[in-house]
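# here are the coordinates; sequence isn't available:
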């Protein structure tokens, strides 16, 4: 049997299917978003959520949720971060929530344009002088009732373990009364029905200087990927003695959830 014959249909046609699905979805929803935006200035429409759902399906990702997101306005969702694929996975389940992303994303061509349409909040993580301005901007979005998604590791992990949460990123919760924070664990647990192992994690995690498009093409050629989301109990920022205590709590909860899901696949 040749290597090509031993690959599944999705593995052989995954990249073409993923690209076609993304282009088709964008061609349908982007014009609709541009038409609706003037009718609802400053408000999040359902189209980014629909786009993420369609994109995740095109990429061959099956999303399994344990629990669910808090159904109210003004929630800060904090999640671990492994790959660019976290965006459609979380976006498909967190309707109406916008991402907090590094400023470079805004310059990534079509990716940046789509991020703009999703009302992404951009931050300059390397510029301390702008930290207060950026914090106030994000806090303002929360105060107006927006829900946001934060990756408090500050970068992508390799999937072996959850990286420490940066307490400085929780400064966005300062001054926002009664803000709910919901920790979320994301784990990629199976590929084509087989458990993900430490050896196969590099095919899923996007780390280092790896270019986006080559990694995306390899990802789409893997086959059927199962992503699991664990929605943990929401907490109130005011119940903690400062942002460091809040960051430690969220890190602990997310890390424990990640270990449970990955161990469950290997047992």
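Cool, got the structure. Since the model is a prediction, treat every value here as computed from it, not as a measurement.

# Which helix or which strand is home to residue 213?
According to DSSP states H and E, residue 213 maps onto helix 212-220.

# Quick check: mean pLDDT of that helix?
When pLDDT is averaged along helix 212-220, the result is 85.

# Any buried residues in it, and which?
Using 16 or more other C-beta atoms under 10 Å as the test for burial, helix 212-220 gives 215, 216, 218, 219, 220. For every residue, glycine as well, the C-beta is placed using N, CA and C.

# need the next SSE after it, C-terminal direction.
Downstream of helix 212-220, the next assigned helix or strand under DSSP H and E is strand 225-231.

# So what's the gap between that next one and the chain middle?
11 Å (C-alpha atoms, centre = their mean, to the nearest Å).

# quick one: contacts of it?
Under the contact criterion C-beta atoms under 8 Å, 6 or more residues apart in numbering, strand 225-231 has outside partners 56, 59-69, 85, 89-90, 93, 182, 184-191, 204, 219, 257, 260-261.

# relative to helix 212-220, how tilted is it?
Computed by axes from the mean of the first three to the mean of the last three C-alpha atoms, to 10 degrees, the angle separating strand 225-231 from helix 212-220 equals 100 degrees.

# Adjacent strands (with direction) for strand 225-231?
Applying DSSP bridges, strand 225-231 is found paired with strand 61-66 (parallel), strand 180-191 (antiparallel).

# Can you lay out those strands as CSV showing mean pLDDT and mean neighbour count?
Shown next, in CSV, are those (pLDDT from 0 to 100; neighbours: other C-beta atoms under 10 Å):
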stretch, mean pLDDT, mean neighbour count
strand 61-66, 96, 15
strand 180-191, 96, 22
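
# tell me what the helix holding residue 213 is packed against?
With contacts defined as 3 or more C-beta pairs under 8 Å, 6 or more residues apart in numbering; DSSP states H and E, helix 212-220 has these neighbours: helix 9-36.

# Using the three-state scheme, assign the nearest residue to residue 121 once chain neighbours are set aside.
Spatial nearest neighbour of residue 121, excluding adjacent residues (C-beta to C-beta, 6 or more residues apart in numbering): residue 100 at 4.7 Å. Here residue 100 is strand, with the state taken from DSSP: H, G, I helix; E, B strand; the rest coil.

# and the gap between residue 100 and residue 60?
27 Å (C-beta to C-beta, to the nearest Å).
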